[in-house]
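Enquirer: Quick one, fold the following:
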Amino acid sequence: MGKEMTDTQCSPIPKVFTSSLRLVATSYALRCDAKYADADTLGLVKKIQASGCFQLGELLPTPFVKGIQPVSLDQPTDDSVPVINTLSIQNLAIRPADCRHIARDDFDALSSDRRLKTGDVLLTVDGGVSIGKAALFNLDGDFTVDSHVVILRPVGLSSLALVYLLASPLSQVQFRRAESGASGQTTVTEDDVRRFIFPRSILTTIEGVAIMIEAERKQITEQRRALDQREANLWRQLDKFSMHTGTAKLP
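Expert: Okay, the predicted model is just below:
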């Protein structure tokens, strides 16, 4: 017969995390939970600090510009203005088709810093798994952002490099660690994002790495678009074949 299972096998011992008031004080949101006190993350933070580091806030001398809570139109109009939201930002890009729209008059009433300019960096700061997505704004026309997205305008680092820095695994670890709030209503504060740390040595290479990755991604996007077009052509040929043979068209 099989061996009798022990209590330990039936009920694994929960993992224990140790925190302190000093550690809690390093978070603007005064975090005191397992995620913030995770030993592996703390070890990584100490390693970065020992190597010589900078805080993200050093590159962002102006306050984060948070978007509006828009009064969205049911349908876009000829002169309505797109509002970029967390859904609009995917894979380091902006998808205008997923934007809601506001009336032109509402856009004209916004302060100038909420009107997007080429080179602005967009960052999602609310909504659990939606937190920490970044994109470079380089679209034509008028746009703004909603209240779940902030606008960053770096100094001393290119906007493109900042996007890739925010998208890096090291940054994403810090987003998860800084997240606070109730389930489904979580956020990261500007003060905590400003405290994100990175090895100072990467400042000498991040610009070149960002340019290289961006160029490669553009090539991949073009190749993917060409493949999608080839596939669409194949389906059109099948469509013509079914019409020519008199058979029913595929659903």
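
Enquirer: And what about the nearest residue to F143 once chain neighbours are set aside, helix, strand or coil?
Expert: Nearest non-adjacent residue to F143, counting by C-beta to C-beta, 6 or more residues apart in numbering: L116, 4.4 Å away. All C-beta spots, glycine's among them, are computed from the backbone N, C-alpha and C. Under DSSP: H, G, I helix; E, B strand; the rest coil, L116 falls in the coil class.

Enquirer: if I look at L116, how far off is P96?
Expert: As judged by C-beta to C-beta, to the nearest Å, L116 and P96 stand 12 Å apart.

Enquirer: helices or strands up against the top helix by length along the chain?
Expert: For the chain, the helix with the greatest residue count under DSSP state H is helix 206-245. Contact here means 3 or more C-beta pairs under 8 Å, 6 or more residues apart in numbering; DSSP states H and E; on that basis helix 206-245 packs against helix 159-167.

Enquirer: and the helix it packs on, how far out from the chain's middle?
Expert: Between the centre of helix 159-167 and the centre of its chain there are 10 Å (C-alpha atoms, centre = their mean, to the nearest Å).

Enquirer: Now it: buried residues?
Expert: For helix 159-167, burial by neighbour count (16 or more other C-beta atoms under 10 Å) applies to 159-167.

Enquirer: what about the helices in the protein?
Expert: Under DSSP H, the chain gives helices at 7-10, 21-24, 39-51, 104-108, 159-167, 169-178, 190-194, 206-245.

Enquirer: Go through the ones you listed and pick out the most buried.
Expert: helix 159-167 (a mean of 21; mean count of other C-beta atoms under 10 Å).

Enquirer: Next, the angle helix 206-245 makes with that helix.
Expert: For helix 159-167 against helix 206-245, the angle between stretch directions is 80 degrees (axes from the mean of the first three to the mean of the last three C-alpha atoms, to 10 degrees).

Enquirer: All further residue positions should be reported with the first residue as 51.
Expert: Got it, first residue is 51 now, which makes that one helix 209-217.

Enquirer: C-alpha coordinates for helix 209-217, CSV please?
Expert: This file holds the C-alpha atoms of helix 209-217, laid out as CSV (Å, rounded to 0.1, in the frame of the first residue of the first chain):
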residue,chain,number,x,y,z
SER,A,209,12.5,59.6,-24.8
LEU,A,210,13.1,56.4,-26.7
ALA,A,211,15.7,55.3,-24.1
LEU,A,212,13.4,56.1,-21.3
VAL,A,213,10.7,53.9,-22.8
TYR,A,214,13.0,50.9,-23.0
LEU,A,215,14.3,51.6,-19.5
LEU,A,216,10.7,51.5,-18.2
ALA,A,217,10.1,48.3,-20.1
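
Enquirer: Identify all contacting residues around it.
Expert: Outside of helix 209-217, the residues within contact range by C-beta atoms under 8 Å, 6 or more residues apart in numbering are 106, 109, 142, 169-171, 173, 182, 184-186, 202-204, 207, 221, 248, 252, 256-257, 259-261, 263-264.

Enquirer: F225 is in contact with S180, isn't it?
Expert: No - using C-beta atoms under 8 Å, F225 makes no contact with S180, being 10.6 Å away.

Enquirer: before we move on, the earlier item: give me the distance between the residue nearest to F193 and A211.
Expert: 19 Å.
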